[in-house]
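In: Got a predicted structure plus its sequence, pasted below:
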Amino acid sequence: MAAARLMACIPRSCMSRLAASRLPSWEEQAPAVQSRRSSLSGVCYLTMGLLVLLLGLVFASMYVYRYFFITQLPRESVFHCGVLYEDSLYSPFKGQLELHEDVKIYIEENYEQINVPVPQFGGSDPADIIHDFQRGLTAYHDITLDKCYVIELNTTIVMPPRNLWELLVNVKKGTYLPQTYIIQEEMIATEHVHDMEQLGSFIYRLCSGKETYRLKRRSARRRISRREAGNCHRIRHFENTFVVETVICKKS
Ligand SMILES: *[C@@H]1O[C@H](CO)[C@@H](O)[C@H](O)[C@H]1NC(C)=O
């Protein structure tokens with residue numbers, strides 16, 4: 001409120017100072033009034049000067065922020081990452097497992113590409129994954145099967161490119177993310193996708209020429225039976241602070 005009053009009062013006294021200087025009766029004014037006026041205008045110019053300086057500072061810091069945090073972001077960043085996690089899904093007493101992957105983040109295009117190599121200890125498939133935030137789609141290319149699977153992007157599991165970039169920059173010094181855990185999600189392959197172009201150019205590039213299916217989340221959280229397990233493939237990956245095992249099953 002004080003600032004608002006200052007803003008409101010300063011220009012007016014400046015105006016009166018300017019108006020006074022144009023008045024022919026200026027010379028006839030009493031010296032006391034004159035000196036009071038000029039000291040007042042001194043304060044006024046000083047305050048306006050400070051305001052201009054402050055504005056300059058605000059713009060300068062905005063520029064610096066934009067320069068360092070927006071233009072300085074590389075268009076594409078590649079991270080080679082590893083995590084240690086407790087495999088609570090299958091072998092709760094086996095201790096720690098390791099997962100490696102390459103993460104490419106495209107901040108401007110708003111998508112992430114993850115390459116999971118053949119894991120050291122079997123059980124899951126190597127894969128290429130794209131999370132396209134512009135389209136709101138995720139695609140898994142299971143390299144073992146050479147098939148593609150597409151589903152709506154789940155933003156509670158997948159960090160947006162910018163946030164993931166920040167996370168990975170912060171853990172870059174130590175190559176490993178801190179000790180983490182694994183969650184599981186189960187999917188069922190549904191209809192065959194024929195019109196690949198509806199999936200956007202990034203997923204199109206990944207999946208064109210490959211058998212592609214839509215996925216549906218399996219709602220009930222239940223153990224996959226032994227008979228079903230033969231129809232399922234697992235992909236372990238991470239794009240957040242935890243590991244996700246995506247289990248993709250054929251419709252039985
Ligand atoms: C996203 O993933 C979480 C954790 O697995 C799950 O609880 C949630 O239902 C999923 N959301 C959608 C829209 O699939």
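Out: Thanks, I have it. Numbering: from 1, shown residues only.
In: Cys44 versus Ser38, what's the distance?
Out: 10 Å (CB to CB, to the nearest Å). Any C-beta I mention is one placed from the backbone N, CA and C, and that applies to glycine too.
In: pretty sure Thr144 contacts Ile248?
Out: No - counting by CB atoms under 8 Å, Thr144 stays clear of Ile248, with 11.2 Å between them.
In: overlap in contacts of the two?
Out: His233 (CB atoms under 8 Å, 6 or more residues apart in numbering).
In: Who has more neighbours out of the two?
Out: Ile248 (24 against 12; other CB atoms under 10 Å).
In: The more buried one contacts Cys148, correct?
Out: No - at 10.6 Å, Ile248 and Cys148 do not qualify as touching, with contact defined as CB under 8 Å.
In: list the residues that contact both of the two?
Out: Joint contacts of Ile248 and Cys148 (CB under 8 Å, 6+ apart) are Tyr140, Asp142.
In: Low-confidence bits of the protein, can you list those?
Out: Applying pLDDT under 70 to the chain flags the ranges 1-36, 67-76, 91-94, 173-177, 220-229, 252.
In: how about the strands in it?
Out: Assigned by DSSP state E, the chain shows strands spanning 76-86, 96-106, 111-116, 127-132, 137-142, 147-152, 176-180, 182-192, 211-217, 232-237, 243-249.
In: Tabulate those strands (TSV), appending distance to Leu53.
Out: Output for the strands of the chain, formatted as TSV (distance: least, CB to CB, whole Å):
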stretch	distance to Leu53
strand 76-86	38
strand 96-106	39
strand 111-116	43
strand 127-132	45
strand 137-142	50
strand 147-152	51
strand 176-180	45
strand 182-192	53
strand 211-217	57
strand 232-237	51
strand 243-249	52
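In: Quick one, which of those gets closest to Arg162.
Out: Arg162 sits nearest to strand 96-106 of all the strands of the chain, at 8.3 Å, using CB to CB.
In: in the closest one, what's buried?
Out: Using 16 or more other CB atoms under 10 Å as the test for burial, strand 96-106 gives Leu97, Leu99, Glu101, Val103, Ile105, Tyr106.
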